[in-house]
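> Could you work out the structure for the sequence below:
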Amino acid sequence: MSAPELTVTETFKAGIYDIDERLYHQDPVAGGSLSSSGAKKLLECPAIYHHYCTADAPEYKDVFDFGKAAHTAVLGTGAEVVILDFKNWTTKAAQTAKAETREAGKTPLLPKEHARIVGLTNAVHAHPEARALLSQDGAAEQSVLWEADGIRKRARPDFLPSKPSDNGRLLVVDLKTAVDSSPAAFSRSCANFGYAQQDAWYSEGIAAVTGLDVAFLFVVVEKEPPYVVSVYELDELAKRIGEHRNDIAIRRYIECTESGIWPGYVTGIEQLALPRWAEIEYQEQLEMQQEGITA
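Numbers count the residues shown, from 1 in each chain. Got it, this is the predicted structure:
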């Protein structure tokens with residue numbers, strides 16, 4: 001798939017573009033656009049979303065390096081991985097080398113971390129369904145821009161095929177590294193990390209610019225041996241839940257953008273209850289006291 005390069009969209013035009021990763025995350029759309037990650041942060045708290053968009057240096061965690069390196073190794077594109085010869089990151093020399101590597105736009109890894117990257121990459125490529133999905137004609141890390149619901153949106157699928165499969169659907173791939181790739185564990189991850197929202201968001205955008213039916217598929221690989229790989233597609237109810245949550249985020253985005261007000265978790269003074277477990281514990285203690293038992 002050949003996509004035009006893009007720096008900043010002075011005149012917005014929906015489509016698929018080859019955009020530098022840093023520019024994509026900074027938002028290449030003049031006037032602003034909303035991403036799936038942004039939509040999830042809006043549901044968390046508009047004030048946090050606004051800080052995330054305007055901070056000079058967004059928070060970066062070491063765990064991000066492993067995920068980025070996995071994407072580079074499995075997908076064959078992304079920031080260069082640099083293996084730094086340290087046992088851990090605790091020394092000043094290791095911390096300095098890590099910071100300098102990141103500043104150069106590269107991904108620092110310890111030798112033991114790189115060994116795990118090699119292991120999980122081999123596992124993904126050995127998995128029949130994952131291998132077939134990633135062997136399609138297409139490209140990794142392309143950026144999708146489109147307009148819907150009165151706003152401009154963007155998405156960056158891990159792997160976007162250039163043509164539909166035999167069943168007429170475009171089999172889009174999202175790669176996830178996980179501690180546990182079992183159905184039960186990944187179902188919890190989908191709920192905890194908003195993957196259903198990501199599914200709905202990306203599917204809408206890719207369908208809008210290609211005119212094709214989209215199947216959004218998660219290739220999930222565990223971070224530790226034996227690097228178990230699982231491939232999932234969310235069911236219809238999960239997709240509807242994702243769409244519903246995105247609708248709420250979009251309404252918040254429009255309201256906050258128009259008003260210029262990005263509120264915190266609550267406005268005014270809100271009455272607060274204790275967690276349900278505390279109420280249950282209280283009731284149990286009352287019952288014990290009523291029975292003449294000292295709690």
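
> How confident was the prediction at Glu100?
As predicted, Glu100 sits at a pLDDT of 96.

> So the residue minimising distance to the centre of the chain versus Ala191, what's the distance?
In the chain, the residue lying closest to the centroid (Cα atoms, centre = their mean) is Ser37, at 6.2 Å. Distance of Ser37 to Ala191, given as Cβ to Cβ, to the nearest Å: 17 Å. Glycine gets a C-beta too; all of them are placed from N, C-alpha and C.

> mind checking pLDDT for the residue nearest to the centre of the chain?
As predicted, Ser37 sits at a pLDDT of 96.

> For it, give me phi and psi.
Dihedral angles of Ser37 (phi, psi; degrees, to the nearest 10) stand at phi -60, psi -40.

> All the helices of the protein, residue numbers only.
Remark: helices assigned in the chain by DSSP state H are 21-26, 36-44, 46-54, 62-75, 92-103, 111-126, 128-134, 183-193, 195-210, 236-259, 276-290.

> among these, which is the most enclosed?
Greatest average neighbour count among those goes to helix 195-210 (a mean of 22), per mean count of other Cβ atoms under 10 Å.

> Convert that one to PDB, retaining C-alpha atoms only.
In PDB, the C-alpha atoms belonging to helix 195-210 read as follows (Å, rounded to 0.1, in the frame of the first residue of the first chain):
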ATOM      1  CA  TYR A 195      -9.900  -1.900  23.600                       C
ATOM      2  CA  ALA A 196     -13.600  -2.100  22.600                       C
ATOM      3  CA  GLN A 197     -13.500   1.700  22.000                       C
ATOM      4  CA  GLN A 198     -10.300   1.300  19.900                       C
ATOM      5  CA  ASP A 199     -12.000  -1.400  17.800                       C
ATOM      6  CA  ALA A 200     -15.100   0.800  17.100                       C
ATOM      7  CA  TRP A 201     -13.000   3.900  16.500                       C
ATOM      8  CA  TYR A 202     -10.600   2.300  14.100                       C
ATOM      9  CA  SER A 203     -13.200   0.300  12.300                       C
ATOM     10  CA  GLU A 204     -15.300   3.400  11.700                       C
ATOM     11  CA  GLY A 205     -12.300   5.400  10.300                       C
ATOM     12  CA  ILE A 206     -11.000   2.600   8.000                       C
ATOM     13  CA  ALA A 207     -14.400   1.900   6.700                       C
ATOM     14  CA  ALA A 208     -15.000   5.600   6.000                       C
ATOM     15  CA  VAL A 209     -11.800   6.000   3.900                       C
ATOM     16  CA  THR A 210     -11.900   2.600   2.100                       C
END
